[in-house]
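Q: The sequence and its predicted three-dimensional model are supplied below.
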Amino acid sequence: MDASLESIYSILDQSVDKEDIFAKARQVRAEHFGNEVFAYGFNYFSTYCLNRCSFCHYRSDNKDAVRYRNSAEQVVEDAKLLAESGVHLIDLTMGEDPYYKFQPERFADLIAKVRSATELPIMISPGVVAPESLRLFKQAGAVWFALYQETFVKSFYERLRVNQDFDARIKLKEEAIRIGLLVEEGILTGWGDGVADAVESILQMGKTQPSQVRVMTFVPQKGTPMESLEPQSNERELLMIAAMRLLYPSKLIPASLDVEGPKGLEDRLNAGANVITSLIPPESGLVGVASRSDIDDGGRSLPQVRPILERMGLKLASQSCYEAYIEAALEEHVYFGRTSAQELFPTYVAAE
Ligand code: SAM
Ligand code: MD0
Ligand code: SF4
């Protein structure tokens, strides 16, 4: 067995002590990031979707799904609230809503409005879009493109992401890197995936050169084909976070509030995560993707999670520190020849 395969396997099957692994993961995180963590605001602005992912509440044929498409004014208002709360980035997420998917300039316009209102870096999570649209989104101000494969075991992928091409999803991430966007990759666990499947996914998720890598535990959703699966504890997710920290030491790794809410934050940070994601403004009417409780009482807002960080000896990084990470991650791609400097820094190169 190859060394990384063997060591990731021994972490996930718990043949090594998990507390030792979490401690090692925290040490590796500290070497790369000190005691600073980042915070992302989540703006799920349209929950309409033409896809039928079997794990997702928002699949097109779930008649009971919470559906809305917020106006541009509303999206900007919510983004401003998030910015005021102190997040480092705004994640603009939607289902594959035909209103935007087939009129990409509408989404580009939204990106530009949010960028100019908040001046924060923007992540976009629009699902699969035409490759040309990615350029439009980058020009409008997007820095990150999030697109999760969920699993790298193809036969399982087809069951999770029904009627969605596996290779096209990978290729779009490669295209995103080529044009100078940063990519977030993600794995879903807790739906019956075995240790070997999870190991395979962790190893393969690095191949599209993501700068952020995540794992989320599947939360069963009423009205979907996977609704009667037994909900799993966070144990596997925590082991996967630690394994990802050891394998991808300098990458960003989310502790998502969307699985267990704030009560699951400490475990995820203890396992080596360094970005708090899915922060949502209270009373905004916005939803999470996987779980929909504890939002309106402010449980998923930055003021409420700050004390948890303090207790753990962690602190929120400055905005300039976060933006320096982005610059370094972009330069790494130039360095490895994935993107030309001309494409990334046209003004600078032209002036030379
Ligand atoms: N529609 C876009 C897409 O699917 O790429 C953007 C939404 S994306 C951010 C939704 C992600 O949330 C999925 O890729 C999946 O990883 C996660 N997710 C969705 N339903 C979930 C569930 N029931 N439990 C846990 N995670 C879930
Ligand atoms: C999260 N609910 O961070 C969000 C979402 C999409 N880029 C992120 C899954 O958990
Ligand atoms: Fe749509 Fe994304 Fe949900 Fe799949 S995961 S059904 S693409 S919103």
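A: Nice, thanks for sending it over. Numbering: from 1, shown residues only. Ligands and ions are numbered 1, 2, ... in the order given.

Q: alpha carbons only for contacts and neighbour counts from here, please
A: Noted.

Q: Strands of the stretch 201-350 of the chain, residue ranges please.
A: 212-217, 254-256, 275-279, 315-316 (DSSP state E, counting those that start in this stretch).

Q: Next, the angle strand 275-279 makes with the first one.
A: Angle, strand 212-217 to strand 275-279, by axes from the mean of the first three to the mean of the last three C-alpha atoms, to 10 degrees: 60 degrees.

Q: about what we covered before: possible to save the strands of the stretch 201-350 of the chain as a markdown table with distance to Ala65 and mean neighbour count?
A: Supplementary listing: those in a markdown table, determined by distance: least, C-alpha to C-alpha, whole Å; neighbours: other C-alpha atoms under 10 Å:
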| stretch | distance to Ala65 | mean neighbour count |
| --- | --- | --- |
| strand 212-217 | 20 | 24 |
| strand 254-256 | 21 | 27 |
| strand 275-279 | 19 | 25 |
| strand 315-316 | 34 | 19 |
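
Q: Packing partners of the helix or strand containing Phe137?
A: In this assignment (DSSP states H and E), Phe137 forms part of helix 131-140. Here helix 131-140 touches helix 104-118, helix 166-178, going by 3 or more C-alpha pairs under 8 Å, 6 or more residues apart in numbering; DSSP states H and E.

Q: for the strands of the stretch 201-350 of the chain, which one sits closest to ligand 1?
A: strand 212-217 (5.3 Å; C-alpha to the nearest ligand atom).

Q: Could you give the average pLDDT over the closest one?
A: Taken as a whole, strand 212-217 has an average pLDDT of 98.

Q: among the strands of the stretch 201-350 of the chain, which is nearest ligand 3?
A: Between the strands of the stretch 201-350 of the chain, strand 212-217 lies closest to ligand 3; by C-alpha to the nearest ligand atom that is 12.4 Å.

Q: That closest one vs ligand 1: in contact?
A: Yes. Residues of strand 212-217 are located near ligand 1 by C-alpha under 6 Å from any ligand atom, namely Met216, Thr217.

Q: Give me every residue in the stretch 101-250 of the chain lying close to ligand 2.
A: Ser125, Ala146.

Q: Please list the residues of the stretch 101-250 of the chain that sit near ligand 3.
A: Applying C-alpha under 6 Å from any ligand atom, we find that the stretch 101-250 of the chain lies next to ligand 3 at Gly127.

Q: ranges for the helices of the stretch 151-300 of the chain?
A: Taking DSSP state H, counting those that start in this stretch to define them, one finds helices in the stretch 151-300 of the chain at 154-160, 166-178, 195-204, 235-247, 257-260, 265-270.

Q: which stretch among those comes nearest Ile326?
A: Closest approach to Ile326 among the helices of the stretch 151-300 of the chain (C-alpha to C-alpha): helix 166-178, 13.1 Å.

Q: What is the closest one packed up against?
A: For helix 166-178, the packing partners by 3+ C-alpha pairs under 8 Å, 6+ apart come out as helix 131-140, helix 154-160, strand 182-189.

Q: Read off the pLDDT value for Thr93.
A: Looking at Thr93, its pLDDT stands at 98.

Q: Wasn't it part of a strand?
A: Yes. Assessed by DSSP: H, G, I helix; E, B strand; the rest coil, Thr93 belongs to a strand.

Q: For it, give its distance to ligand 3.
A: Distance of Thr93 to ligand 3, computed by C-alpha to the nearest ligand atom, to the nearest Å: 9 Å.

Q: residues touching that residue, list them.
A: Contacts for Thr93 were tallied using C-alpha atoms under 8 Å, 6 or more residues apart in numbering; they are Phe42, Asn43, Tyr44, Phe45, Ser46, Ile124, Ser125, Pro126.

Q: and the last one, what is it in contact with?
A: Pro126 makes contacts with Leu92, Thr93, Met94, Gly95, Glu96, Lys101, Ala146, as judged by C-alpha under 8 Å, 6+ apart.

Q: residues near Arg59, how many?
A: By the measure other C-alpha atoms under 10 Å, the count of residues near Arg59 is 21.

Q: what's the answer for Glu6, then?
A: Neighbour count of Glu6, defined by other C-alpha under 10 Å: 11.

Q: Assign it to helix, strand or coil.
A: Criterion first, three-state DSSP; result for Glu6: helix.

Q: Then Val37?
A: Criterion first, three-state DSSP; result for Val37: strand.

Q: Touching, it and Asn274? I think so.
A: Yes. With contact defined as C-alpha atoms under 8 Å, Val37 reaches Asn274; the gap is 4.9 Å.

Q: Which of these two has more residues huddled nearby?
A: Taking neighbours as other C-alpha under 10 Å, Val37 and Asn274 compare with Asn274 leading, 26 against 22.

Q: ok, the more buried one - contacts?
A: Applying C-alpha under 8 Å, 6+ apart, the residues near Asn274 are Arg29, Glu36, Val37, Phe38, Leu252, Ile253, Pro254, Ala255.

Q: separation between Ala117 and ligand 3?
A: Distance of Ala117 to ligand 3, given as C-alpha to the nearest ligand atom: 26 Å.

Q: Nice, that's everything, thank you.
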